[in-house]
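In: Everything below, folded, please.
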Amino acid sequence: QGEGHLHFDHVPAYGNNVLAEATGTSTSGYARGGAMNLSGGGTLTHFDGRGNDLQGSRYAYGGGLALSASDVSGSGWSLTNILAVSNSVVADEVHAYGGGLYISNGETADVSLINADIVENTVTAGEDCYGGGLYWSPDGADDTLTVTNVTFTGNECTGTDSAAGQAVSIYEDDGPTIVW
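Out: Numbers count the residues shown, from 1 in each chain. Reported below is the predicted structural model:
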């Protein structure tokens, strides 16, 4: 069975607000994608995400974009001409990831980020903060992130316990390939 791919072109996203609260004894409170939350794989060109706010009571992923590749081999993302400006991510209790972009790979998925400005995004966490501008979580050693002509300026990451990567944070035990 084949897998479909998503294709988006010329997408403006300004001033969106996402809030996910946990109530009572609930362990929910997960928020994803202040402007867009996309799963699968595909292309996104000419994305302009500004002033989007994402708040999760426990976890929050991607102030501008949250992208997840599926577990089908080859289902990555091609991102070209991307603006992620003044987006914010807040996780009240636990972890927050990727003020501008959060990218999570599936099995053997490649991601390319070409011609991007990731500027003045903020991430604030009750415990740990990862990637003021970009957070990438590859699935293993076969994943590749290619970054070409990308500027990271004035991004911030603040966590009560720890903070990793004002501009970029990458986490994977298996050692993926990064082409910068």
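In: center of the chain - which residue?
Out: For the chain, the residue nearest the mean C-alpha position is residue 102 (0.9 Å; Cα atoms, centre = their mean).
In: partner residues bridging that one?
Out: Beta bridges link residue 102 to residue 66, residue 135, judged by DSSP bridges.
In: Quick check, it in contact with residue 66.
Out: Yes. Taking contacts as Cβ atoms under 8 Å, residue 102 lies within contact range of residue 66: 4.7 Å. (Glycine included, C-beta is placed from N, CA and C.)
In: shared neighbours of the two, which are they?
Out: 32-33 (Cβ atoms under 8 Å, 6 or more residues apart in numbering).
In: for stretch 41-56, what is the average pLDDT?
Out: The average pLDDT within stretch 41-56 is 94.
In: Now the terminal residues of that stretch, how far apart.
Out: 24 Å (Cα to Cα, to the nearest Å).
In: what bits of the protein have low per-residue confidence?
Out: Within the chain, the ranges that satisfy pLDDT under 70 run 1-4, 22-27, 70-74, 106-108, 172-180.
In: Kindly format the C-alpha coordinates of stretch 82-89 as PDB.
Out: What follows is stretch 82-89, C-alpha atoms only, in PDB (Å, rounded to 0.1, in the frame of the first residue of the first chain):
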ATOM      1  CA  ILE A  82      10.600  29.200   5.300                       C
ATOM      2  CA  LEU A  83      10.100  32.100   7.700                       C
ATOM      3  CA  ALA A  84       9.500  31.300  11.400                       C
ATOM      4  CA  VAL A  85       9.400  34.600  13.300                       C
ATOM      5  CA  SER A  86       8.400  35.500  16.800                       C
ATOM      6  CA  ASN A  87       6.600  32.200  17.600                       C
ATOM      7  CA  SER A  88       6.500  31.000  21.200                       C
ATOM      8  CA  VAL A  89       6.200  27.600  22.900                       C
END
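In: From the chain's centre, how far out is it? Work that out for me.
Out: 10 Å (Cα atoms, centre = their mean, to the nearest Å).
In: List the buried residues in it.
Out: For stretch 82-89, a neighbour-count test (16 or more other Cβ atoms under 10 Å) marks 82-89 as buried.
In: can you check stretch 119-132 too?
Out: Of the residues in stretch 119-132, 119-126, 128-132 count as buried by neighbour count, 16+ other Cβ under 10 Å.
In: Present these as a markdown table; the columns should include distance to residue 160 and secondary structure.
Out: Putting these into a markdown table (distance: Cβ to Cβ, whole Å; DSSP: H, G, I helix; E, B strand; the rest coil) gives the following:
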| residue | distance to residue 160 | secondary structure |
| --- | --- | --- |
| 119 | 25 | strand |
| 120 | 22 | coil |
| 121 | 19 | coil |
| 122 | 15 | strand |
| 123 | 12 | strand |
| 124 | 9 | strand |
| 125 | 7 | strand |
| 126 | 6 | coil |
| 128 | 8 | strand |
| 129 | 9 | strand |
| 130 | 13 | strand |
| 131 | 17 | coil |
| 132 | 15 | coil |
